[in-house]
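*Asks:* I'd like to go over a predicted model; first the sequence, then the structure.
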Amino acid sequence: MKRVPDCRPTTDQFSSCKDLLKREALRILMMILGITALIGNLAVIILRLLENDFNVQSILITNLAVSDLLMAVYMIIIAGVDFYYRGVYATFAEAWKTSFLCSFAGSISTLSSECSVFILMLMSVDRAVNIAYPFSSNLLNRKRCIITVVIVWLVVIFISYLPMFNHLSFINIPYFGGNYYGRQSVCLALPLARDRLPGWEYAIAIFLAFNLFGFFVIAVSYISIYISVKRTASSVNRNKGRAGEIKMATKMAMIVLTDFCCWFPIILMGIGSEVGAWKLPADIYAWSATFILPINSSLNPYLYTIAYKCNIKKKPPTQTAIKLRLVRPRPLPP
């Protein structure tokens, strides 16, 4: 196979003349994260469906797993294309970035990340309301949860796929230009640079403004949980159900915290770039988009497993077991 020795100008922050992902470490990590996210989230979805216990938290966790599964599909697509064009990427760079597959990969990445933020908001607000107002008539029951989740998916699907409508011959939205997701080799529209390309306001509104608002809501929810728990910590009248809600909120905090740790640095870097506080080196941009952003999709299913294992309690002995224990004959004296 022919190799591309050099090219001018160089492609972008992620790629080189030879490869879509120029850093060997990023290439390996993306494949590992993609496979672990695929296996872990598929396992979570299958186990939740087999359990057939669709309470509010189970519905939200299942949908979060579906969202994280989409990020696994994105990572596997990018890793696969990188492998396919290994050594000759510059020759096919323009064809790849303008392709439908690149736009599709960028769309499902946006769909996954934004849907995760939406669902994390729902989980956090639901825990806060259940703990602060356990007898309220406005609690999120199963029917309300399903309706809300369906609306969330429809809204985020529309937001994510709107920029790629230009690939359809009968639709043209000039605002996004001809290649919204294909400006980088990894098909992301993260606003981490000050390039004023078509649709840059849209990217800021989604990845910076909405995500910042989402994590603000999550922070307020957990602060309210903390305040509510402190107020009732010394109360002897706290019922068993309320204690269970607090325990569930503590377990869900692990998932929220990891997602926050992945997204918050990207939000800060995006804001800093937009206000001109700093100019990000290419390597930081590459690591943020291909490692920091998707890592929570790989970690979440294993955090669900930890939370699930911690929730398993030793069952009390049944009445039959108690009776058998009572009538068990004593050994005869020697």
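*Replies:* The structure has been received and is ready for your questions. Residues are numbered from 1 along each chain as shown.

*Asks:* Assign a three-state SS to residue 187, would you?
*Replies:* Assigned with DSSP: H, G, I helix; E, B strand; the rest coil, residue 187 falls in the coil class.

*Asks:* Surely it and residue 110 touch.
*Replies:* No: if you go by CB atoms under 8 Å, residue 187 and residue 110 don't touch, sitting 9.9 Å apart. C-beta coordinates here come from the backbone N, C-alpha and C atoms, glycine included.

*Asks:* neighbours of residue 65, just the number please.
*Replies:* Look at residue 65: counted by other CB atoms under 10 Å, it has 24 neighbours.

*Asks:* Now it: which helix or strand?
*Replies:* With secondary structure defined by DSSP states H and E, residue 65 is part of helix 56-84.

*Asks:* Repeat that for residue 31.
*Replies:* helix 24-51.

*Asks:* what residue ranges in the chain score low on pLDDT?
*Replies:* Applying pLDDT under 70 to the chain flags residues 1-12, 166-170, 193-195, 232-252, 273-282, 304-334.

*Asks:* and if we set it to 80?
*Replies:* For the chain, applying pLDDT under 80 flags the ranges 1-14, 52-54, 131-140, 165-175, 177-178, 190-199, 226, 228-293, 302-334.

*Asks:* show me where it has helices.
*Replies:* 24-51, 56-84, 89-97, 100-132, 142-161, 200-203, 211-232, 240-274, 282-287, 295-311, 319-327 (DSSP state H).

*Asks:* Residue 175: which of the ones you listed is closest?
*Replies:* helix 200-203 (7.5 Å; CB to CB).

*Asks:* and residue 92, how many residues sit next to it?
*Replies:* Under the neighbour criterion other CB under 10 Å, residue 92 is assigned a count of 15.

*Asks:* residues contacting it?
*Replies:* The neighbourhood of residue 92, defined by CB atoms under 8 Å, 6 or more residues apart in numbering, consists of residue 85.

*Asks:* residues of the helix holding residue 31 that come out buried?
*Replies:* 26-27, 29-31, 33-34, 36-38, 40-41, 44-45, 48 (16 or more other CB atoms under 10 Å).

*Asks:* show me what contacts residue 133?
*Replies:* Residue 133 makes contacts with residue 139, as judged by CB under 8 Å, 6+ apart.

*Asks:* Tell me how many other residues crowd the nearest residue to residue 183 once chain neighbours are set aside.
*Replies:* Nearest non-adjacent residue to residue 183, counting by CB to CB, 6 or more residues apart in numbering: residue 197, 6.1 Å away. For residue 197, the tally of surrounding residues (other CB under 10 Å) stands at 14.

*Asks:* Residue 197 and residue 191, how far apart?
*Replies:* Counting by CB to CB, to the nearest Å, the gap from residue 197 to residue 191 is 10 Å.

*Asks:* isn't residue 54 right up against residue 142?
*Replies:* Yes: Residue 54 is within contact range of residue 142, at 6.4 Å (criterion: CB under 8 Å).

*Asks:* circling back: can you add distance to residue 173 and give the helices of the chain back as TSV?
*Replies:* Listed next are these as TSV, based on distance: least, CB to CB, whole Å:
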stretch	distance to residue 173
helix 24-51	30
helix 56-84	22
helix 89-97	18
helix 100-132	13
helix 142-161	11
helix 200-203	10
helix 211-232	23
helix 240-274	23
helix 282-287	26
helix 295-311	29
helix 319-327	67
